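Chemist: Just a sequence and a predicted model for now, questions to come.
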Protein chains: 2
Amino acid sequence: MAPPGNFASLLRARRGYLGTVGPQGSPRVLPVCFTWAGDMIWTAIDGKPKKTDFPQRLRDIGGEPKVCFTVDRWDEDWSRLAWLQARGRAHALPEGAETDRARAALRDKYPQYQSTPLQGPVIRLDVEDWVGWDANTADD
Amino acid sequence: MAPPGNFASLLRARRGYLGTVGPQGSPRVLPVCFTWAGDMIWTAIDGKPKKTDFPQRLRDIGGEPKVCFTVDRWDEDWSRLAWLQARGRAHALPEGAETDRARAALRDKYPQYQSTPLQGPVIRLDVEDWVGWDANTADD
């Protein structure tokens, strides 16, 4: 399963928006760096300053794995607007070959990771549903 | 109650990301146009093409009013990253003076609304909690 139509290009975005649900059923939306392949998206707890030692996104997906990850294209010409939602389930991966590959892909995409450590857990989102919208095809 | 510190400037963003929770407890994250004053945020169903006649965001907040609205600043210099979450409750407003004011504010912010109709419901988010993060103060 891959993103529909031309929407894969939106996944070249530099950051996406991870929606999780907290313990009291409250949604949260957090901008995150990410990498993507096929029907999986990876994001990692990195060395950017954090509010807490155990970031809320890990707490949230530990209690409710359902997430929505959104990337979009803004343009003042609204005929060019587009977004893509990846809906599915997320969990923190055990350390191993996959976390190594995910961190390597993140370092490849973000030169900032040459100086910002990638020391924390890697989260994998297994996409169950891609939902794409653009201003030209939405009324199909 | 106002956004903390210097975070109000992030609310000059052209779009924000509205996180809602769907009927099965699944989060959704949708880019939306918005306007803001004090501890309220307004966004409206407008004439951009829609997937359905009754947009999912209305369905979601009708069942679960808790939402999270996020704006952020991306920069390849990660010392300049920042985001602001507005957490609270949202509902569609009855037509009246407030919906008139909200649509006027949206038309003022977005010249695109001169040609895109603003015919649908106006949603108001009552912010109960502002959470701001930036790369320089997060470890305070």
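Modeler: All right, it came through fine. Note that the structure is a prediction, hence the values are computed from the model and not measured.

Chemist: Just the CA atoms of the longest helix seen in chain A, as PDB, please.
Modeler: Taking DSSP state H as the criterion, chain A has its longest helix at helix A:97-109. What follows is helix A:97-109, C-alpha atoms only, in PDB (Å, rounded to 0.1, in the frame of the first residue of the first chain):
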ATOM      1  CA  ALA A  97      18.400  -3.500  12.900                       C
ATOM      2  CA  GLU A  98      15.200  -1.500  12.200                       C
ATOM      3  CA  THR A  99      16.000   1.300  14.700                       C
ATOM      4  CA  ASP A 100      19.600   1.500  13.200                       C
ATOM      5  CA  ARG A 101      18.100   1.800   9.700                       C
ATOM      6  CA  ALA A 102      15.500   4.400  10.800                       C
ATOM      7  CA  ARG A 103      18.200   6.500  12.500                       C
ATOM      8  CA  ALA A 104      20.400   6.200   9.400                       C
ATOM      9  CA  ALA A 105      17.500   7.400   7.200                       C
ATOM     10  CA  LEU A 106      16.800  10.300   9.500                       C
ATOM     11  CA  ARG A 107      20.500  11.300   9.400                       C
ATOM     12  CA  ASP A 108      20.400  11.100   5.700                       C
ATOM     13  CA  LYS A 109      17.400  13.400   5.400                       C
END
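
Chemist: Which stretches in chain A count as helices?
Modeler: A:56-63, A:97-109.

Chemist: remind me which residues of chain A are low pLDDT?
Modeler: Within chain A, the stretches with pLDDT under 70 are A:138-140.

Chemist: ok so, going back, need the helices of chain A in a markdown table with distance to residue A:130 and mean neighbour count, can you?
Modeler: In short, each C-beta sits where N, CA and C put it, glycine included. Putting the helices of chain A into a markdown table (distance: least, C-beta to C-beta, whole Å; neighbours: other C-beta atoms under 10 Å in any protein chain shown) gives the following:
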| stretch | distance to residue A:130 | mean neighbour count |
| --- | --- | --- |
| helix A:56-63 | 19 | 17 |
| helix A:97-109 | 20 | 15 |
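
Chemist: Tell me which of these sits nearest to residue A:90.
Modeler: Closest to residue A:90 of these is helix A:56-63 (C-beta to C-beta; 4.6 Å).

Chemist: Which elements pack onto the closest one?
Modeler: Under the contact definition 3 or more C-beta pairs under 8 Å, 6 or more residues apart in numbering or on different chains; DSSP states H and E, helix A:56-63 sits against strand A:16-21, strand A:27-32, strand A:82-92, strand A:122-134.

Chemist: can you give me the angle the second one makes with strand B:16-21?
Modeler: Relative orientation of strand A:27-32 and strand B:16-21, computed by axes from the mean of the first three to the mean of the last three C-alpha atoms, to 10 degrees: 140 degrees.

Chemist: what's near enough to touch residue A:116?
Modeler: Residues in contact with residue A:116 (C-beta atoms under 8 Å, 6 or more residues apart in numbering or on different chains) are A:46, A:47, A:48, B:78.
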